[in-house]
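K.L.:
Give me coordinates for this.
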Amino acid sequence: MKTVIFTGPNEDLRIEEKPIPKLDDGDVLVKVDLCGICMSDIMAQQGDATDFSPPVVLGHEIAGTIVETRNEDYPVGLKVSVDPVMSCGVCYYCLRGMEKFCPKICGIGHDFDGGYAEYVRVPKKLTDNGGLAVVPDDVPVEELVFLEPLACCLGAVSEMVLGDNLVIFGAGPIGLLFLQLAKREGARVIVSEPLVHRQEAARLLGADALIDPSSNNIVEMVLDSTNGIGADSVITATNNPTVIPDAFKVLRRGGYANLFGLFPHNTKVEFDVEQLHFSGHKVMASWADTRNDTAKAQKEIAERWLTLQPILTGLFPLDQPMEALNYVIERKGLKAAFAP
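P.N.:
As a prediction, this is how the structure comes out:
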């Protein structure tokens with residue numbers, strides 16, 4: 001089968017033929033229909049993310065169909081997405097439903113071969129612990145491929161109070177997921193985004209206000225629109241750390257700040273600790289998802305409430321790995337995926 005291999009930081013992804021994986025008891029084999037390209041994959045290739053174990057087949061946003069099984073609970077023909085996180089199951093965090101903090105965490109597409117391939121093996125450790133999400137046959141793979149990022153967004157939203165006014169920094173795929181979740185909760189959503197085509201996507205998905213930070217003072221505009229109080233919450237849905245100072249400046253006292261986007265390795269940001277103290281900001285960083293988040297995302301996608309397909313704007317064959325990554329790096333569209 002054809003695969004795309006990550007061999008190390010600052011090296012081009014390599015196309016390589018590998019045998020179709022053999023299954024052990026409890027495993028399933030998934031034919032990959034689509035595998036989303038996550039910014040963390042790109043940051044690994046650029047040397048800005050360090051939680052990968054090369055050489056490895058990248059890809060953890062997997063949508064496909066079971067074509068071989070050694071697990072009676074998951075027969076051939078099921079349409080599935082994969083929650084890539086594997087944990088020990090017995091540590092302090094695992095026993096409290098916080099698997100993503102397990103000290104022995106590992107994952108498909110990070111430490112084990114992932115979905116930038118024609119087939120991916122889902123091991124018993126995942127199938128035994130809710131790592132396969134099954135959806136009805138009428139759910140398009142163009143929606144199913146969003147399950148893992150949606151689960152991460154649902155986990156982030158569950159940890160904060162959105163309030164009446166939310167500012168989202170970035171209208172890429174993640175920002176657009178947050179936008180829809182926040183609108184459902186009744187929030188007024190202000191989106192900060194410099195690119196016109198992403199501004200338009202946010203407008204179509206219900207943004208109440210759009211701000212181009214390259215030509216406007218976002219702090220003044222948010223304060224003006226909130227009677228000088230500031231937003232109840234902010235989410236940084238971007239890997240650009242320069243947005244962080246403005247994120248705190250537009251946030252009201254006692255508000256919630258979620259630093260969601262993965263910033264480059266060793267990023268340093270200065271902020272006024274005294275101001276943070278007296279503002280009472282509740283600051284959090286969200287990373288990955290839990291099995292509970294996966295179950296919520298599975299339900300959301302099965303019910304098809306969210307608008308997902310228009311966010312997927314770029315499909316690439318496996319023999320164009322760097323073209324696919326550059327599509328994302330240059331922000332030519334929104335979401336991109338490999339279609340083996």
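
K.L.:
Relative to Gly89, how far out is the residue nearest the centre of the chain?
P.N.:
Centroid-nearest residue in the chain, with Cα atoms, centre = their mean: Pro149, separated by 3.1 Å. Pro149 sits 24 Å away from Gly89, taking Cβ to Cβ, to the nearest Å as the criterion. Glycine gets a C-beta too; all of them are placed from N, C-alpha and C.

K.L.:
go on, Thr290?
P.N.:
Thr290 sits 13 Å away from Gly89, going by Cβ to Cβ.

K.L.:
care to break the protein down by domain?
P.N.:
Following automatic domain parsing, the chain resolves into domains at 2-151+288-338, 160-284.

K.L.:
got JSON lines for those, with mean pLDDT too?
P.N.:
JSON lines is the format used below for the domains of the chain (pLDDT from 0 to 100):
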{"stretch": "domain 2-151+288-338", "mean pLDDT": "96"}
{"stretch": "domain 160-284", "mean pLDDT": "95"}
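
K.L.:
in this structure, which spans are helices?
P.N.:
All helices of the chain, identified by DSSP state H, fall at 39-45, 124-127, 141-144, 147-158, 173-184, 196-204, 218-225, 244-249, 273-279, 291-303, 321-329.

K.L.:
Could you list every helix and strand in contact with the fifth one?
P.N.:
Taking 3 or more Cβ pairs under 8 Å, 6 or more residues apart in numbering; DSSP states H and E as contact, the helices and strands that helix 173-184 lies on are helix 147-158, strand 165-169, strand 188-192, helix 196-204.

K.L.:
Could you say which of those is packed most deeply?
P.N.:
Most buried of the helices and strands packed on helix 173-184, by mean neighbour count (mean count of other Cβ atoms under 10 Å): strand 165-169, with a mean of 28.

K.L.:
what lines up beside it in the sheet?
P.N.:
Taking DSSP bridges as the criterion, strand 165-169 sits next to strand 188-192 (parallel), strand 231-236 (parallel) in its sheet.

K.L.:
closest to Phe112 out of those strands?
P.N.:
Ranking those by distance to Phe112, with Cβ to Cβ as the measure, places strand 231-236 first at 29.6 Å.

K.L.:
Output the closest one in CSV with nothing but the alpha carbons.
P.N.:
Provided in CSV are the C-alpha atoms of strand 231-236 (Å, rounded to 0.1, in the frame of the first residue of the first chain):
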residue,chain,number,x,y,z
ALA,A,231,-15.7,39.9,25.8
ASP,A,232,-16.9,37.2,28.2
SER,A,233,-14.5,34.7,26.6
VAL,A,234,-11.9,34.4,23.9
ILE,A,235,-10.5,31.4,22.0
THR,A,236,-7.2,31.5,20.1
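
K.L.:
Including distance to Pro123, could the strands paired with strand 165-169 go into TSV?
P.N.:
Below are the strands paired with strand 165-169 laid out as TSV (distance: least, Cβ to Cβ, whole Å):
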stretch	distance to Pro123
strand 188-192	39
strand 231-236	33
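
K.L.:
Need the nearest residue in space to Gln309, chain neighbours excluded.
P.N.:
Leaving aside its sequence neighbours, Gln309 sits nearest to Glu142 (Cβ to Cβ, 6 or more residues apart in numbering; 4.6 Å).

K.L.:
Now do the contacts for Asp164.
P.N.:
Counting by Cβ atoms under 8 Å, 6 or more residues apart in numbering, Asp164 touches 186-188, 232.
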